[in-house]
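J.: After the sequence you'll find the predicted model.
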Amino acid sequence: MLRRSRLLQAAGSCALAALCVASLPAAPAEPRRRVVLLSFDGVSGQRLERLLAEPGKLTAGGFRRIAARGFSASRSVPPTPALTAVSHITIATGALPQSTGIVANTMLDRSKPFGATMSGFDAPIRAETLWEASRRQGKRVGVVYFPGADGTSPARTADWALTWPGTPATRGRLQGVPLSAWQPVGDSPETTYSPARRAVLLMGQSGHSLTLTAVDATDDGAVNYDHLRVESETGAAQEVRTGDWFPVEVRSPESRTGAWCRLMALAPDLSKVEVYLGPLGHNTGYPKEFVREVDEKFGFWPGVGDKETFGAGSEHPELYVEQLERLAAFATRVQVWAIARPDWDLLLCYQSEVDSLSHEFLLVDPGQPGFTWERASRFADFVDHAYAIADRALDVIDRALTPEDTIFVTSDHGMTPIWTEIFPNELLRRAGLVRLDARGRTDTSSRAVAVVDGAIAHVYVNGNSDPALLEQIASALRELKVRGESPWERIVKRSEAGSLGLDAPESGDIIALARPGYHLSRRMPDPATPVGLPSEYGAHGYRNVYPEIQACYLAAGPGIAKGHADSINSWQIAARVAAALGIEPPRNAER
């Protein structure tokens, strides 16, 4: 009986304890951690710091605000070579190229006949990435244009992504409309005081077209066409005047496809009509439902800048700036919308405007071809404007975050001016190591070939190499002098490239790095010469020791201690992102 009484007392005590526990307030849930990693291609930490110090520059305040409330470094040291694919994969893995296998933007494809190449943006990544590590640990990952997570293999796949589109269906071009192309129109869709005339423009070889109707809206008794009515294959007609940009959308079974076009000239008598037809493009990504949602909300991919038509050597380089401003605005809108989505813990974003404008307009040295002080001043404004575009984008993206979110802002490299182009394969041809086929291209029977990006040449040997052949290659390069000086910073064998982070099977048997000011080209020049003039004013891909080549770094959010450092290494970023997300870093990352 006594034992039964004690059992009842114990049961009562347990019930009372359970009731008390049940009545206690629940422990607060740990706040959900969300992290955004945003890369602005081509932002130099050195130039960014100078612009931040100048009154009237970067007025949107995006960079300043994050630096003020968090941590910043004057420079983020990229890997060698400081190239877009190489640097972004190092940022995403926390590992150097000899561990990631991404040693250049373009590399030899050993699965194909000798000399064939593969893109470093598509090549297998040998190190674990942030998106792999995050998903392995139960986190969801979204991507908007960040290189590497293109969905082409399980190792390159996040939960959802908008990927950087490839080659457009058509190239941009200026198209004149001759007077003979304008045909009379029976019934004009709008009031016109001169007979309406119509012409059809074909969009390259795509099979798509747009219809133009010339309209005179001025009742002055004279033939005075003042605008065009533009009808594309889908969507409402548009009224377009000289200088107007306008979207043209075409029918496509896959996704919304279109081009941004511009009316360049419209003579009142139609004696001169010129239209810029932009490249046809569309959004790409995965899954299809996600891309379809982007199409519905934001329309077709606006395309990159057309430097062949509107670059530094054109009559209207300001239009190249306008094209890239449109692309940045599109990317920013999509990225802000992605932030508002509930289905991510890590969001990886990328924007390209600073890189594109710096390549085209970094005219700062009197030794550069085409230099005048007037052009240099105008082009410097273009590059500064690129940084202002990035600053505005960052301001909008930062304001879309919650106080519980963390943001990391970085870039892949800076940029340096160039004035000389070097053709390594011509040097190898003169040494008897490269043979040309009937089309003037590197023949598969060549003993060696240089695969070139920016300031780096990976020289690969056809078949087994021997010390004498490697020395012959190195000598063929080393003997070049330009204005009495060597253009080379380093020429090393692959086995000696460990200090550069490039002792990898994907690297060339010989690796040559140029000094700043020199740029390398893979093409065979015509006429044959080892040295020429570059086709752009800015370049990267150099050894990572040069301050102007180094990138930027800022971070703000819960757990980010306020402070400033002179520099960090870009291969430290992955571990910092992982810590903010509350996970272990990628397996190969430097801690």
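T.: Yep, that arrived.

J.: What strands flank the lengthiest strand in the chain, and is each parallel or antiparallel?
T.: Longest strand of the chain, by residue count under DSSP state E: strand 257-266. Strand pairing for strand 257-266, using DSSP bridges, gives strand 245-250 (antiparallel), strand 273-277 (antiparallel), strand 281-282 (antiparallel).

J.: can you tell me the helix or strand for residue 350?
T.: strand 346-351 (DSSP states H and E).

J.: Give me the contacts around that strand.
T.: 34-41, 88, 92, 130-131, 134, 139-147, 149, 158, 164, 328, 331-332, 335, 338-339, 390, 393, 397, 577, 581 (CB atoms under 8 Å, 6 or more residues apart in numbering). Backbone N, C-alpha and C define where each C-beta goes, glycine included.

J.: now it, how far from the centre of its chain.
T.: Offset of strand 346-351 from its chain centre (CA atoms, centre = their mean, to the nearest Å): 11 Å.

J.: Mind putting the strands paired with strand 257-266 into CSV with distance to residue 411 and mean pLDDT?
T.: Formatted as CSV, the strands paired with strand 257-266 follow (distance: least, CB to CB, whole Å; pLDDT from 0 to 100):
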stretch, distance to residue 411, mean pLDDT
strand 245-250, 28, 97
strand 273-277, 30, 98
strand 281-282, 25, 95
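
J.: Quick check: which of these is nearest to residue 80?
T.: strand 281-282 (33.0 Å; CB to CB).

J.: returning to what we had before: packing partners for the helix or strand following the strand holding residue 350?
T.: Toward the C-terminal end, the helix or strand that comes next after strand 346-351 (DSSP H and E) is helix 353-361. Contacts defined by 3 or more CB pairs under 8 Å, 6 or more residues apart in numbering; DSSP states H and E place helix 353-361 against helix 318-340, helix 373-400, strand 538-539.

J.: Just want the angle from helix 353-361 to helix 318-340.
T.: Relative orientation of helix 353-361 and helix 318-340, computed by axes from the mean of the first three to the mean of the last three CA atoms, to 10 degrees: 170 degrees.

J.: List the buried residues for helix 353-361?
T.: 353-361 (16 or more other CB atoms under 10 Å).

J.: What average pLDDT does it get?
T.: Taken as a whole, helix 353-361 has an average pLDDT of 98.

J.: can you start the count at 6 instead of 1 from here on
T.: Fine by me, first position is 6 from now on; the one you just mentioned is helix 358-366.

J.: Quick check, central residue of this structure?
T.: Geometric centre of the chain, nearest residue: residue 357, 4.1 Å, by CA atoms, centre = their mean.

J.: Leaving out the residues flanking it, which one is nearest to it?
T.: Excluding its sequence neighbours, the residue lying closest to residue 357 (CB to CB, 6 or more residues apart in numbering) is residue 46, at 4.7 Å.

J.: List the contacts of that neighbour.
T.: 89, 355-361, 416-417 are the contacts of residue 46 under CB under 8 Å, 6+ apart.

J.: what would those residues look like in CSV with distance to residue 265?
T.: Output for the contacts of residue 46, formatted as CSV (distance: CB to CB, whole Å):
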residue, distance to residue 265
89, 24
355, 21
356, 18
357, 16
358, 15
359, 20
360, 20
361, 15
416, 26
417, 26
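
J.: and the gap between residue 495 and residue 549?
T.: According to CB to CB, to the nearest Å, residue 495 and residue 549 sit 12 Å apart.

J.: And the two? Which one has more around it.
T.: residue 549 (20 against 17; other CB atoms under 10 Å).

J.: from memory the more buried one sits against residue 88, does it?
T.: No. Using CB atoms under 8 Å, residue 549 is not in contact with residue 88; the gap is 10.6 Å.

J.: domain assignment for the chain?
T.: 43-170+288-423+552-586, 178-282, 425-538 (automatic domain parsing).

J.: a markdown table for the ones you listed, including distance to residue 594?
T.: What follows is those, written out as a markdown table (distance: least, CB to CB, whole Å):
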| stretch | distance to residue 594 |
| --- | --- |
| domain 43-170+288-423+552-586 | 3 |
| domain 178-282 | 35 |
| domain 425-538 | 14 |
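
J.: okay, stretch 247-261 in PDB with CA atoms only?
T.: Extracted as PDB, the C-alpha positions of stretch 247-261 are listed here (Å, rounded to 0.1, in the frame of the first residue of the first chain):
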ATOM      1  CA  THR A 247      14.700  60.000 -83.500                       C
ATOM      2  CA  GLY A 248      16.800  59.100 -80.600                       C
ATOM      3  CA  ASP A 249      14.300  56.800 -79.000                       C
ATOM      4  CA  TRP A 250      15.100  53.300 -77.700                       C
ATOM      5  CA  PHE A 251      12.300  50.800 -78.200                       C
ATOM      6  CA  PRO A 252      11.800  47.100 -77.400                       C
ATOM      7  CA  VAL A 253      11.000  44.600 -80.100                       C
ATOM      8  CA  GLU A 254       9.600  41.300 -79.100                       C
ATOM      9  CA  VAL A 255       9.300  38.300 -81.400                       C
ATOM     10  CA  ARG A 256       7.400  35.000 -81.200                       C
ATOM     11  CA  SER A 257       9.400  32.200 -79.600                       C
ATOM     12  CA  PRO A 258       8.400  28.700 -78.500                       C
ATOM     13  CA  GLU A 259      10.800  28.700 -75.600                       C
ATOM     14  CA  SER A 260      10.700  32.000 -73.700                       C
ATOM     15  CA  ARG A 261      10.100  35.700 -74.300                       C
END
